[in-house]
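Novice: Task: produce atomic coordinates for the following.
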Amino acid sequence: MTVELVCSRAGIKIVTTPPAAAKYRARETIAIATISGLVNRQTAIGARRILEVLANADFAPITSPQIRAAELLMTHKEFNQRFDPEDLTKAMANLYLTAEEDAKVYAHAHKLPFFKALAIVWFRSTKKRRTPIRLVA
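Specialist: Next comes the predicted model:
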């Protein structure tokens, strides 16, 4: 029930069976188990924020590796303070056709799980926040 509520608030539709001819619409997912794990790890509000980033990129469908990659970027201290979620969504949308292929190559070359390679591909293309210069007196 919580998973369904989080998805509806994030603008994602859960599809229980694959559509005819595997033609998913934007904002649809069948990754229920992954979303359930996300909710357990990040709370409902945290999961919704992560899922909104993916939903706004209009992926069709939203897959388990995409969810795990977005979670890594938005929760890991090495990444999450260096970009705005809107900029991550823009990078995801811009790389829609090439990111997964690039991630497969990167994962193979660096012996990483696919979702981590996907996170790296997205992160590299995301506009970074400027860090203020600290003057030492």
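Novice: Could you use CA atoms for every contact and neighbour count after this?
Specialist: Noted.
Novice: ok, longest helix in this protein?
Specialist: Scanning the chain for the longest helix, with DSSP state H as the assignment, gives helix 32-56.
Novice: Give me the helices and strands touching it, please.
Specialist: Helix 32-56 sits against helix 2-10, helix 64-75, helix 85-94, with contacts defined as 3 or more Cα pairs under 8 Å, 6 or more residues apart in numbering; DSSP states H and E.
Novice: same thing but 10 Å
Specialist: helix 2-10, strand 28-29, helix 64-75, helix 85-94 (3 or more Cα pairs under 10 Å, 6 or more residues apart in numbering; DSSP states H and E).
Novice: so which of those comes closest to residue 56?
Specialist: For residue 56, the closest of the helices and strands packed on helix 32-56 is helix 85-94, at 6.4 Å, according to Cα to Cα.
Novice: in the closest one, what's buried?
Specialist: Of the residues in helix 85-94, 85, 87, 88, 89, 90, 91, 92, 93 count as buried by neighbour count, 16 or more other Cα atoms under 10 Å.
Novice: same thing with stretch 91-104?
Specialist: For stretch 91-104, a neighbour-count test (16+ other Cα under 10 Å) marks 91, 92, 93, 95, 96, 99, 100, 102, 103, 104 as buried.
Novice: shouldn't residue 125 be in contact with residue 96?
Specialist: No - using Cα atoms under 10 Å as the test, residue 125 is too far from residue 96 to be in contact (11.7 Å).
Novice: Which neighbours do these two have in common?
Specialist: residue 90 (Cα atoms under 10 Å, 6 or more residues apart in numbering).
Novice: which regions of the protein sit below the pLDDT cut-off?
Specialist: For the chain, the stretches with pLDDT under 70 are 131-137.
Novice: picking up where we left off before, quick one: which of the buried residues of helix 85-94 is nearest to residue 65?
Specialist: Using Cα to Cα, the shortest approach to residue 65 within the buried residues of helix 85-94 belongs to residue 92, at 13.1 Å.
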